[in-house]
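Asker: below is the structure, and that's it, no one-letter string:
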């Protein structure tokens, strides 16, 4: 094999062009990455700007908890991102488990069946809506075990 200086110089020139192209590509990718990082930061700042200042405090968390218990809001969550640390997001739409501090079952008994809810502690059912199956008692303090034992011994 013979050494050809022109061919080796052509190979070196081609290697330089490839290295330059790679360098340019890397620079373009870095510029795009910086631009996207800037856009994401802008988006996070815009999202955080929507947050009320008082919702970032302990009072905001307390308010969210009590507003949910009263049925004023349907839920809440804490938001964490690059610029938002612990802001409370309130959800106003949706089904509420409580209405003015009382459970939905309590309101159903009052408005639909026209009686105050007398809840049985063991099963959380209304004693008037679900009376005892053996004796028909609607007393919430009725002992169902004694009633069942009496029914068995008859």
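Answerer: Received it, and whenever you're ready, just let me know what you need. On a predicted model such as this, the values are computed, not experimentally measured, just so you know. Numbers count the residues shown, from 1 in each chain.

Asker: from residue 139, how far out is the closest residue to residue 125 other than its chain neighbours?
Answerer: Sequence neighbours aside, residue 119 is the residue nearest to residue 125 in space, at 7.1 Å (criterion: Cβ to Cβ, 6 or more residues apart in numbering). Using the backbone N, CA and C atoms, a C-beta is placed for each residue, glycine as well. For residue 119, the distance to residue 139 equals 12 Å [Cβ to Cβ, to the nearest Å].

Asker: compare neighbour counts for those two and give me the winner.
Answerer: For residue 119 and residue 139, the more surrounded residue by other Cβ atoms under 10 Å is residue 119, and the numbers stand at 17 against 13.

Asker: okay, and the beta partners of the more buried one?
Answerer: Beta-bridge partners recorded for residue 119 (DSSP bridges): residue 126.

Asker: could you chop the chain up by domain?
Answerer: Taking automatic domain parsing as the criterion, the chain consists of the domains 1-49, 52-100, 101-153.

Asker: using TSV, lay out those together with mean pLDDT.
Answerer: As requested, the domains of the chain are arranged in TSV below (pLDDT from 0 to 100):
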stretch	mean pLDDT
domain 1-49	80
domain 52-100	84
domain 101-153	77
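
Asker: if we can go back for a sec, please enumerate the shared neighbours of residue 119 and residue 139.
Answerer: Jointly contacting residue 119 and residue 139 under the rule Cβ atoms under 8 Å, 6 or more residues apart in numbering are residue 127.
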